[in-house]
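Visitor: Prediction below, plus the sequence it came from.
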Amino acid sequence: MVVSCFLDLASNLSWQYQSQIPLVDLSKPDSRHIIVKACEEFGFFKVVNHGVPLESISELESEALSFFSLPMSEKEKVGPADPFGYGSKGIGPNGDVGSVEYLLLKTDHSFNFHKLPQTTEKFPSAVKDYVWAVRKMACEILELMADGLKIQQRNALSKLLMDKQSDSVFRLNHYPPCTELEEASGHGGEGSRIGFGEHTDPQIISVLRSNNTSGLQISTRDGTWISVPPDHTSFFINVGDSLQVMTNGRFRSVKHRVLANSSRPRVSMIYFGGPPLSEKIIPLPSLLAKGKEESLYKEFTWFEYKRSAYSSRLSDNRLELFKRVAASS
Ligand SMILES: C=C1C[C@]23C[C@@]1(O)CC[C@H]2[C@@]12CC[C@H](O)[C@@](C)(C(=O)O1)[C@H]2[C@@H]3C(=O)O
Ligand SMILES: O=C(O)CCC(=O)C(=O)O
Ligand SMILES: [Fe+2]
């Protein structure tokens with residue numbers, strides 16, 4: 001009986017990996033095991049049967065497209081991104097650039113949309129509904145992770161996103177299409193036009209959804225880049241640096257990037273679930289309790305990690321600074 005359950009799970013897992021990207025069906029009872037395996041191996045997986053209403057997704061996509069098609073002078077009224085607001089090409093404060101324009105928002109709805117024209121009047125409520133639904137799904141996934149890791153307190157991770165003080169962020173990215181001229185001049189080849197340079201996300205969990213345009217790639221453990229086939233009806237989950245620390249390195253934060261080589265525009269919407277600023281980012285006690293395992297990381301708060309992240313370049317390994325130096329035996 002035990003053996004047959006194990007075989008069922010194993011054959012199920014190999015099926016899940018056929019497209020290289022782990023696939024999690026949230027309606028299936030075994031999803032917690034697939035989530036844990038995917039977070040250990042890739043720090044990344046695709047989610048179907050997620051329960052986020054399709055109307056709320058398409059409503060936001062159409063509002064985002066209307067925003068990005070406004071004249072530059074209108075978009076600049078809610079810029080520059082410092083870090084919140086509209087930004088074009090420049091990513092973060094330290095000189096990183098990409099073929100992308102974006103709108104970066106706090107999830108507390110404090111962003112001032114009033115400077116935008118009347119045509120965008122439905123934009124704030126579309127963001128609000130979408131963020132609410134996606135946060136709910138992110139919490140469900142974090143609870144399945146806790147189950148899969150056999151952590152007794154199911155909400156040990158999700159409570160951080162539900163906290164009123166949660167420091168979560170929402171980002172809309174627009175990658176303009178590659179022009180015929182660029183394609184003719186040899187652009188469009190592997191790595192030639194960076195939309196968003198390689199990086200890991202600093203938070204706990206990121207929930208990404210894009211239109212049907214390709215571009216997203218993830219790095220595997222051995223450093224190979226694999227392209228993520230786009231699927232506008234699904235979500236993609238990234239393990240962030242904070243979750244890597246909270247699982248004491250058992251889950252890995254995934255390195256990813258976007259190549260903007262397509263002749264069609266790419267629009268993506270990403271919810272970055274973060275803890276309150278004062279939260280200590282330390283391994284979950286039950287993951288350390290069993291054996292002699294010690295934390296691989298120094299103790300720090302989310303505020304300290306974020307401050308350090310914002311003084312780093314996009315591709316820096318930000319966790320390196322927070323690693324404990326192993327005691328020599
Ligand atoms: C270069 C940078 C942009 C970033 C802040 C940073 O200094 C390093 C982390 C970057 C990142 C990556 C994930 C998210 O897109 C983001 C909003 C975040 O929290 O960390 C961005 C930051 C940004 O664009 O402000
Ligand atoms: O736009 C995308 O598909 C990914 C962007 C990203 O990784 C980010 O905004 O952190
Ligand atoms: Fe990212």
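Guide: Ah, there it is. Ligands and ions are numbered 1, 2, ... in the order given.
Visitor: Can you report how many residues lie near residue 50?
Guide: Residue 50 has 24 neighbours, counted by other C-beta atoms under 10 Å. For glycine as for every other residue, the C-beta is placed from the backbone atoms N, C-alpha and C.
Visitor: That one reaches residue 237, doesn't it?
Guide: No - distance between residue 50 and residue 237: 9.9 Å, which falls outside the contact criterion (C-beta atoms under 8 Å).
Visitor: next one: phi and psi at the closest residue to residue 168 other than its chain neighbours?
Guide: With C-beta to C-beta, 6 or more residues apart in numbering as the criterion, residue 168 has its nearest non-adjacent residue at 4.4 Å, and that residue is residue 107. Main-chain dihedrals, residue 107, degrees, to the nearest 10: phi -90, psi 10.
Visitor: repeat for residue 268
Guide: phi -130, psi 150.
Visitor: and it, what are its bridge partners?
Guide: Beta bridges link residue 268 to residue 173, residue 210 when assigned by DSSP bridges.
Visitor: Check the residue in the stretch 151-300 of the chain that ligand 2 sits nearest to and give its pLDDT.
Guide: Closest to ligand 2 within the stretch 151-300 of the chain is residue 268: 3.5 Å, counting by C-beta to the nearest ligand atom. pLDDT, residue 268: 98.
Visitor: Could you do residue 298 as well?
Guide: 97.
Visitor: Just confirm it contacts residue 319, I think it does.
Guide: No - in this structure residue 298 lies outside contact range of residue 319 using C-beta under 8 Å: 10.3 Å.
Visitor: Looking at these two, which has the bigger crowd around it?
Guide: Using other C-beta under 10 Å, the more surrounded residue of residue 298 and residue 319 is residue 319, with 20 against 14.
Visitor: so who does the closest residue to that one other than its chain neighbours touch?
Guide: For residue 319, ignoring the flanking residues on the chain, the nearest one in space by C-beta to C-beta, 6+ apart is residue 241 at 5.2 Å. By C-beta atoms under 8 Å, 6 or more residues apart in numbering, the residues touching residue 241 are 200, 201, 202, 203, 253, 305, 318, 319.
Visitor: Which element, helix or strand, includes the fourth one?
Guide: Residue 203 belongs to no helix or strand when elements are defined using DSSP states H and E.
Visitor: What's the local residue count around it?
Guide: Considering only other C-beta under 10 Å, residue 203 is surrounded by 28 other residues.
Visitor: how about it, what does it touch?
Guide: Contacts of residue 203 by C-beta under 8 Å, 6+ apart are 168, 169, 240, 241, 242, 272, 273, 274.
Visitor: Wait, the third one touches residue 202, no?
Guide: This means residue 240. Yes - here residue 240 reaches residue 202: they are 6.0 Å apart, a contact under C-beta under 8 Å.
Visitor: overlap in contacts of those two?
Guide: Residues touching both residue 240 and residue 202 (C-beta under 8 Å, 6+ apart): residue 274.
Visitor: doesn't residue 175 make contact with residue 266?
Guide: Yes - counting by C-beta under 8 Å, residue 266 does reach residue 175; the two are 4.1 Å apart.
Visitor: And for the closest residue to ligand 1 within the stretch 1-150 of the chain, the neighbour number?
Guide: Nearest residue of the stretch 1-150 of the chain to ligand 1 (C-beta to the nearest ligand atom) works out as residue 92 at 2.4 Å. Neighbour count for residue 92, taken as other C-beta under 10 Å: 19.
Visitor: Good, we can wrap up now.
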